Each structure stands twice: as C-alpha cells, then as structure tokens.
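In: give me a model of this one.
(one chain, ligands or ions: 1)
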Amino acid sequence: MTDDQKRNDAPRSRPIRIALPNKGRLADRALELFEQAGLRAQFRADRALVASLGPDFQAIFVRSSDIPEYLADGAAEIGVTGADLVAESGREEIVEILNLGFGRCRLAVAVRDESPVRRASMLPAGTRVATSFPRIARRYFEGLGTEIVIAPVTGAAEIAPHLGVADVIVDLVSTGSTLRVNGLREVDTIMVSTARLVASRTAVEDEPTKRAIDDLATALESVLRAAQKRYLMSNVPRDKLDEVREVIPGLSGPTIVEVMDDGAWVAAHAVVDADRVYQTIARLKELGAEGILVTRIERLMP
Ligand code: AMP
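Out: Sure thing, here's the model as predicted:
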C-alpha cells in the first residue's frame, strides 16, 4: 500500500466540516436547504457556532465572506457562500461543487446619475473606485486596460461618490432600488452571483471525503430540482389520452392508472413545471379533466 493510499484509508479524526453562513442574506436559505435534504442542524446550545448535521457532517457557522478562507486553511472541507465572495478571495484551493441558485445578485459598476459615462470602458485612468471587492474590481478594469485607484470600503459604498471619496462604485445589486435611491446608475455588470456549494481542493482529492461530498451534492440537487416541479394527478377521459400526453409529457410520458369505472376514464399522473401549473391545469380542463390534484415534490432524481 502506498503512503497515499494509507492516508486516504485512514479514518478521519473528526466529521467532515461544512462552513455555513452564520447570518446575513444566505444563512436562512442555506440551513433550510440542508434540512430539506435530510440534514437537520442539531445545536447543542441555542447560539452555538457548531452543530451536527446528520451522522457524517458537522456544521460551523461563520461569516459568508470568511468561508473561502476557512476552506483554504483546512478548517472546513465544504462550504456554502456567494460566488462573488469565492472570486474575491482569489483562493485557487477552492472548487465549486454545485450552483445552489439562491442569493442571486450582480456585481455592478455604477456612476452618479448626472455622470456622462454610459459604459465602464469610458472611465479614464485614475478613476477612483469605492468597493469591498478590490480584487474583482481591479481585475475587471485591468481587462478594460484602465488603471484605477481603489477606495476600500466594507459596506454602503453608495455614499462614496457623493462624498467625493470615489468616482464610481463596484457593488452588489439585486433589484437596483438601493442604487436609484442613492442617485446612482449602473453602467456595467461584472458578474452575476448566486450561492454555491464549494469544497477545498484537498477535500475533493481525498476519496472518502469526495464520495461524501458527491452524495451531499446529489441530495441538495434533488431538492433544488424538486422545488421547480410539481406532481400533478388528474382523471381524464380515455379518448383524450393523446392530447393529455402533449399537455403533461412528464419525465418520460405520464403514468396512466386505471379508474374502476366503466372504462371511460383513466388517471394521468406526471411531474410538471411549477411555473406552468396554472396553464397546464387550464389545458387539462379544456380536455375535460376532473379531480385535478397538485402536490409538492420533496426530492427529484431523474
Ligand atoms: P452576507 O454578508 O452574509 O449578508 O452575505 C452577502 C452575500 O449575499 C453576498 O456576497 C452575495 O453573495 C449575497 N447577496 C445576494 N443578494 C445580495 C444583495 N442584494 N446585496 C448584497 N449581497 C447579496
């Protein structure tokens, strides 16, 4: 047996650690998602910073912005944080496992309303940029060939252009209303960010840990997929089955179940898109469907 194999086969001295946001925009949804996947956080005390998360994992609760650092330092193997924060950390030891989709926002360049600037490429060398994303901002403006001066801030960058501290800001935006209220206008989007399941490179290079991460990702993915679908059941006239199949194609055609009547009706079951349920029901009713039932799905693994 090689040293590598011995190391990989050695039992872990502690459970696999997952770093989760302790508060802020990503915290509640992250915890909820793990719970829906069957991993409920069990705290020993009310405000504990550590919790067990099923038999295989332990959660530690830290700031979203610190999570890349904890992974890179080996304090945790897996984490949930924003793609923006992973990019800003510049840590190459971190690998993305799964896009979790929530916490959507964009990192944008914004100028004062009255500025004649329409695109970031119009900004001159020496432009002062207020941001808590200095690494991403610098890289972005380097790409445009513009040398900038960073005015580092840790939050509320919107005020900086009005105080003469900076000419523009690079900040996170979701609806854009904060920018508008503060008299700023977006001129470019640097990146779109959502929450990601990430892991340290060391963790994915360790076979047993990699397997546990893959299983976790499969479970989370099945929950995310299920959230966009519904299970629809309906009694439909047997002679309308061809049309029904077009309305509810399901994953591989609807499931047809006999109804104990004179043979005129069958029950059709299928997985349908949640955001089209309304139209689907209307179409089925046009075909004479009755007893339509729609339920949520907990997990979906096609
Ligand atoms: P936190 O500082 O813990 O509230 O987390 C901030 C992270 O939440 C950001 O880095 C983004 O990944 C994400 N996020 C989603 N929408 C927004 C938003 N409108 N403003 C700031 N952060 C957001």
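In: what parts of the stretch 1-150 of the chain come near the ligand?
Out: 21, 24, 25, 26, 64, 82, 84, 85, 103, 105 (C-beta under 6 Å from any ligand atom). Using the backbone N, CA and C atoms, a C-beta is placed for each residue, glycine as well.
In: next one, pLDDT for residue 56 please.
Out: In the predicted model, residue 56 carries a pLDDT score of 87.
In: who touches the nearest residue to it once chain neighbours are set aside in this structure?
Out: Distance criterion C-beta to C-beta, 6 or more residues apart in numbering; nearest residue to residue 56, sequence neighbours excluded, is residue 212 at 5.5 Å. If you count contacts by C-beta atoms under 8 Å, 6 or more residues apart in numbering, residue 212 has them with 16, 56, 57.
In: buried ones in the helix or strand containing residue 212, by neighbour count?
Out: Assigned by DSSP states H and E, residue 212 belongs to helix 207-227. For helix 207-227, burial by neighbour count (16 or more other C-beta atoms under 10 Å) applies to 209-210, 212-213, 216-217, 219-224, 226-227.
In: now swap in stretch 237-251 and tell me
Out: When neighbours are counted by 16+ other C-beta under 10 Å, the buried residues of stretch 237-251 are found to be 240, 244, 247, 248.
In: save the residues you listed as TSV, and put in pLDDT too.
Out: Formatted as TSV, the buried residues of stretch 237-251 follow (pLDDT from 0 to 100):
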residue	pLDDT
240	96
244	96
247	95
248	96
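In: still on that earlier bit, ok, of the contacts of residue 212, which one's closest to residue 203?
Out: Nearest to residue 203 among the contacts of residue 212: residue 16, at 7.5 Å, using C-beta to C-beta.
In: wait, the closest one sits on residue 209?
Out: Yes. Judged on C-beta atoms under 8 Å, residue 16 makes contact with residue 209 at a distance of 5.9 Å.
In: and the residue of the stretch 51-200 of the chain nearest the ligand?
Out: In the stretch 51-200 of the chain, the residue found nearest to the ligand is residue 82; the distance is 2.1 Å by C-beta to the nearest ligand atom.
In: what's the burial count for that residue?
Out: For residue 82, the neighbour count with other C-beta atoms under 10 Å is 27.
In: please shift the residue numbers so they start at 17 in all later answers.
Out: Will do, 17 is the new start, and the previous item becomes residue 98.
In: so which of the residues of the stretch 17-166 of the chain next to the ligand belong to helices?
Out: Counting by DSSP state H, the part of those found in helices is 100, 101.
In: filter the residues of the stretch 17-166 of the chain next to the ligand to the buried ones?
Out: Among those, those buried by neighbour count (16+ other C-beta under 10 Å) are 37, 41, 42, 80, 98, 100, 101, 119, 121.
In: in a markdown table: those, plus pLDDT.
Out: Supplementary listing: these in a markdown table, determined by pLDDT from 0 to 100:
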| residue | pLDDT |
| --- | --- |
| 37 | 97 |
| 41 | 95 |
| 42 | 97 |
| 80 | 97 |
| 98 | 98 |
| 100 | 98 |
| 101 | 98 |
| 119 | 97 |
| 121 | 97 |
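In: what's the domain layout of the protein?
Out: Structural domains assigned to the chain are 19-119+210-242, 121-208, 245-312, following automatic domain parsing.
In: which of the ones you listed sits closest to residue 318?
Out: Nearest to residue 318, of the domains of the chain and by C-beta to C-beta, is domain 245-312 at 5.8 Å.
In: what is the nearest of the residues of the stretch 17-166 of the chain next to the ligand to residue 282?
Out: Each of these was scored against residue 282 by C-beta to C-beta, and residue 119 proved nearest at 43.2 Å.
In: circling back to that earlier point, and of the residues of the stretch 17-166 of the chain next to the ligand, the nearest to residue 67?
Out: Each of those was scored against residue 67 by C-beta to C-beta, and residue 37 proved nearest at 13.3 Å.
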